[in-house]
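In: Curious how this folds, go ahead:
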Amino acid sequence: MKIFLTGFPGSGKTYFAKKLAVKMKVPFIDVDALIEESTRKTISEIFYQKGEEYFRKKEAKVLRGLLKIKKAVVATGGGLPCFGDNLDWMNENGRTVYLEASAAFLFHRLHAEKKSRPLINHLTDVELMIYITETLASRRKYYSESHIKVNAETTTAGKILASIKKKKLKK
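Out: The predicted model follows:
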């Protein structure tokens, strides 16, 4: 089974996907890394040179390229579930886990890595908090359609795995 971790940037999708993949003894896949590999450009370069629309199309194509992979833990980009029918596709082709986090938690995490993130690297601290609050509010409806919701601020890979197993039993 494929496990897709969803959530806002800074919620820990890549971190927990790596840990979870080790626990489950399955491959770890990072959608952003696959995009960078296939384009030979960083995500920032893609945004600056080609724009967000190009990036979102590439993201959807890379996601669907995972269809043949049977078992993996996949770290998705923060916006991936919110565009096109990406979330529906992930829900149909695996288990989705929403790493839910507060705006304050996300601000703390994103502020430290602002320079490497193309959508926020130009924002002041106040603008960053407004961006997080507003964007999180608009994306939450998509994230909440994930099969499983966990608190990113207090979870562990073991807790996520337990939630996945519990959900699997109910199905």
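In: Only alpha carbons, please: show the helix or strand containing Leu5 as PDB.
Out: Using DSSP states H and E, the element containing Leu5 is strand 2-6. Below are the C-alpha coordinates for strand 2-6, written out as PDB (Å, rounded to 0.1, in the frame of the first residue of the first chain):
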ATOM      1  CA  LYS A   2       1.100   3.600  -0.700                       C
ATOM      2  CA  ILE A   3       0.900   6.100   2.100                       C
ATOM      3  CA  PHE A   4       0.700   9.700   1.100                       C
ATOM      4  CA  LEU A   5       1.600  12.400   3.700                       C
ATOM      5  CA  THR A   6      -0.200  15.600   3.200                       C
END
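In: which strands and helices sit next to the helix or strand bottoming out on mean pLDDT in the chain?
Out: Among the helical and strand segments of the chain, the one scoring lowest on mean pLDDT, DSSP states H and E is helix 157-170, with a mean of 83. Contact here means 3 or more C-beta pairs under 8 Å, 6 or more residues apart in numbering; DSSP states H and E; on that basis helix 157-170 packs against helix 13-24, strand 95-100, strand 148-151. (C-beta placed from N, C-alpha, C; glycine too.)
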